[in-house]
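> Sharing a sequence plus its predicted fold:
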Amino acid sequence: ANLIINGSSTRPIPETLFGIFFEEINHAGAGGIWAELVNNRGFEAGGQNTPSNIAPWSIIGDQSSLIVSTDRSSCFERNKVALRMDVLCDSEGGNTCPAAGVGIYNPGFWGMNIEQGKAYKVVLYVRSLGSINVSVSLTSSDGSQILASANIVDSDVSNWTKAEVLLEAKGTNPNSRLQLTTSRKGVIWFDQVSAMPLDTYKGHGFRNELIEMIDDIKPQFVRFPGGCFVEGEWLRNAFRWKESIGPWEERPGHFGDVWMYWTDDGLGYFEFLQLTEDLGARPIWVFNNGISHQDQVDTTAVSPFVQEALDGLEFARGDSNSKWGSVRAAMGHPEPFDLKYVAVGNEDCGKKNYRGNYLKFYNAIRSAYPDIKIISNCDGSSRSLDHPADYYDYHVYTSASNLFSMTRQFDRTSRTGPKAFVSEYAVTGKDAGTGSLLAALAEAGFLIGLEKNSDIVEMASYAPLFVNANDRRWNPDAIVFNSSMHYGTPSYWVQKFFRESSGATLLDAKLQTNSSTLVASAITWQNSDGKTYLKIKIVNFGNSKVNLKVSIDGLGLSSQLSGSTKTVLTSSNLMDENSFANPKKVVPAQTMIENADKDMDVVLSPYSLTSFDLLT
Ligand code: AHR
């Protein structure tokens, strides 16, 4: 086979092409990238009524020493539930408390990762009729090993009082818990108990190592916060941005009834905007358009939702004197966020009220913010949309052979009208397992097709991005983690091959072959050192090796290019996956190329993705 690259036939690739889609699914946010260690910090997981669901909080002590209940006595208006502890034992007298005291503990999200030498800030709200002496400690999962502890001693907490302690860990344990214990008889109420590591990504509350995984693929945009999470199974359980901002203590939290878990919403609308800014990416806000999976608001009654979206835009972009801009400023970000893209709903095109509702949002946003790009849920790739939009959303989850064969999916799409945003793509089903090489190679082929069609496809993101291995709601996902470990699936590593593509120059790259299992593209891009690189990517989706003659014309390349590399993603078995035990089983392997040339004979391994990075 031959690959002819013509450097004089070029086209710019949009700056926005490859980004990420972050959804609160699989505990990706709560118990994931958001570093809060306490799960259900306001004791509200059962909703606003009592008795509430305090799980995973559990009790230390027995019925003769302690009674734990919930009531609605909190000082926070939007989340009234508080935890009440009636301590029946004491340090002295007939009913003596156990040596370790009695109280409650929180195991976090399948164990807290506490690391020696690191500091953790615990904040809680407490009230009592008498004086208190509460021990706040980080311990092993059975409480036997104390990693850090401090005491809150106060003679007057008759009104709700905020208490703060800084704990420095003396040991490491990825399966730790937070304990609040006492040996003093009396009644104590707790509410809004938070434990955060001090060291978070840019100091903004995110788990460093997980965000670094994202940072490494240089996302140009972040679509958030869902997905189905935005829709809700029922509207009453959908994510609503106003409930997710302001002081964390005052956020009510909500039960996401599509992915079936409670979130305290410490990771809210503001934090998504902040993270996107910290990554140097563009935010793409998906909001609820009055439609969930099961119910929908009639178009005649949708204006409160439209106002909510406009208020959300003012929150992000308004100056700090505006009503909602001032709330943002009070949260520590006086400058506006650079929000220029919104998606009206998620996967709602087929629903009865979508078009009607969409137009209400479209007209209101277009008139208030003419520069904002508006994304429709309706697919415009095979026929034109019947409503105005800047982009249309395109989702595809399918088998490996189908996705690979979709390399040319956008070749025939009309070049006029809205641009495509492939905001969710992945191989799913048995080809994918929990993240196979096979899936990743098919995705690589599909992405090469998107790169080649980037005159019409301006944005693309894999889905879902994260999974906490303890709560796999969706398979596969790009990054797998638990409290202390993480790894990228082969699909994650494929995305790294495309991180230079956004804003690069696409060259004409023609394959001369009878094979239908080869796809290739070529780009040039400039490094921060000002040097220009040529990157050739080729997927061999067949089971035999391929001898390929590569010729590069029109770039004025000399022979013998120095400093060039070859990077290959492959493995001995197509269904190979990475795992916590073997996180690097299927990862790209880079070697120097000794004899890189404008004419090269190369060999492509069976079932592989290869990139040649040539310094021009
Ligand atoms: O990515 C997982 C889900 O797939 C998203 O929530 C939804 O948009 C799609 O159905």
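Arrived safely, thanks for sending.

> Any idea how far apart the tips of stretch 71-90 sit?
23 Å (Cα to Cα, to the nearest Å).

> Use 666 as the first number for this chain going forward.
Noted, 666 is the first residue going forward, which turns the last one into stretch 736-755.

> how about that stretch: buried residues?
Residues 739-741, 744-750, 752-755 are the ones in stretch 736-755 that count as buried (16 or more other Cβ atoms under 10 Å). (Glycine included, C-beta is placed from N, CA and C.)

> what's the farthest-apart pair in those residues?
Using Cβ to Cβ, the buried residues of stretch 736-755 span at most 31.4 Å, a distance reached by Asn744 and Asp755.

> For stretch 1021-1032, C-alpha coordinates in CSV please.
Taking Å, rounded to 0.1, in the frame of the first residue of the first chain, the C-alpha atoms of stretch 1021-1032 are listed here in CSV:
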residue,chain,number,x,y,z
GLY,A,1021,-41.3,24.4,20.4
ASN,A,1022,-39.2,24.7,23.6
TYR,A,1023,-36.0,24.9,21.6
LEU,A,1024,-37.2,27.9,19.7
LYS,A,1025,-38.1,29.8,22.9
PHE,A,1026,-34.6,29.2,24.2
TYR,A,1027,-33.0,30.0,20.8
ASN,A,1028,-34.8,33.3,20.3
ALA,A,1029,-34.2,34.5,23.9
ILE,A,1030,-30.5,33.6,23.9
ARG,A,1031,-29.9,34.9,20.4
SER,A,1032,-31.4,38.2,21.3
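
> Am I right that Gly1021 falls within a helix?
Yes - secondary structure of Gly1021 (DSSP: H, G, I helix; E, B strand; the rest coil): part of a helix.

> That one and the ligand: what is the separation?
21 Å (Cβ to the nearest ligand atom, to the nearest Å).

> For whichever residue of the stretch 1016-1165 of the chain sits closest to the ligand, grab the count of nearby residues.
Of all residues in the stretch 1016-1165 of the chain, the one sitting closest to the ligand is Ala1128 (3.8 Å; Cβ to the nearest ligand atom). Number of residues near Ala1128 (other Cβ atoms under 10 Å) recorded here: 24.

> Setting aside sequence neighbours, what's the nearest residue to it?
Excluding the flanking residues, the one nearest Ala1128 by Cβ to Cβ, 6 or more residues apart in numbering is Glu1089, at 3.8 Å.

> which SS class is the one you found?
Classified using three-state DSSP, Glu1089 is strand.

> bridging residues for it?
For Glu1089, the beta-bridge partners under DSSP bridges are His1060.

> Can you name the residues that contact the residue of the stretch 1016-1165 of the chain closest to the ligand?
Counting by Cβ atoms under 8 Å, 6 or more residues apart in numbering, Ala1128 touches Phe686, Glu688, Gly892, His1060, Ser1088, Glu1089, Tyr1090, Ala1091.

> Okay, Lys1250 and Asn1147: tell me how far apart.
Separation of Lys1250 from Asn1147 (Cβ to Cβ, to the nearest Å): 18 Å.

> Close to the ligand: what parts of the protein are there?
Residues of the chain lying close to the ligand by Cβ under 6 Å from any ligand atom are Glu688, Ile690, Gly891, Gly892, Cys893, Asn1011, Glu1012, His1060, Glu1089, Ala1128, Pro1129, Trp1139.

> Any figure for the gap between the residue of the stretch 1166-1281 of the chain found nearest the ligand and Ile817?
Nearest residue of the stretch 1166-1281 of the chain to the ligand (Cβ to the nearest ligand atom) works out as Glu1242 at 19.1 Å. Taking Cβ to Cβ as the measure, Glu1242 falls 46 Å from Ile817.

> Which of these two has more residues huddled nearby?
Per other Cβ under 10 Å, whichever of Glu1242 and Ile817 has more neighbours is Glu1242, with 23 against 19.

> which ones are touching the more buried one?
Gly1098, Thr1099, Gly1100, Ser1101, Leu1102, Thr1154, Pro1155, Lys1250, Val1251.

> if I read this right, Val1204 contacts Leu1112, doesn't it?
No - between Val1204 and Leu1112 no contact is recorded; they are 9.1 Å apart, counting by Cβ atoms under 8 Å.

> that older thread, the residue nearest to Ala1128 touches Tyr1062, doesn't it?
Yes - between Glu1089 and Tyr1062 there is a contact under Cβ under 8 Å: 7.2 Å.

> Gly997: neighbour count?
9.

> er, Gly1114 actually
So Gly1114, with other Cβ under 10 Å, has 22 neighbours.

> of all of the stretch 816-965 of the chain, which residue lies closest to the ligand?
Nearest residue of the stretch 816-965 of the chain to the ligand: Gly892, at 2.9 Å (Cβ to the nearest ligand atom).
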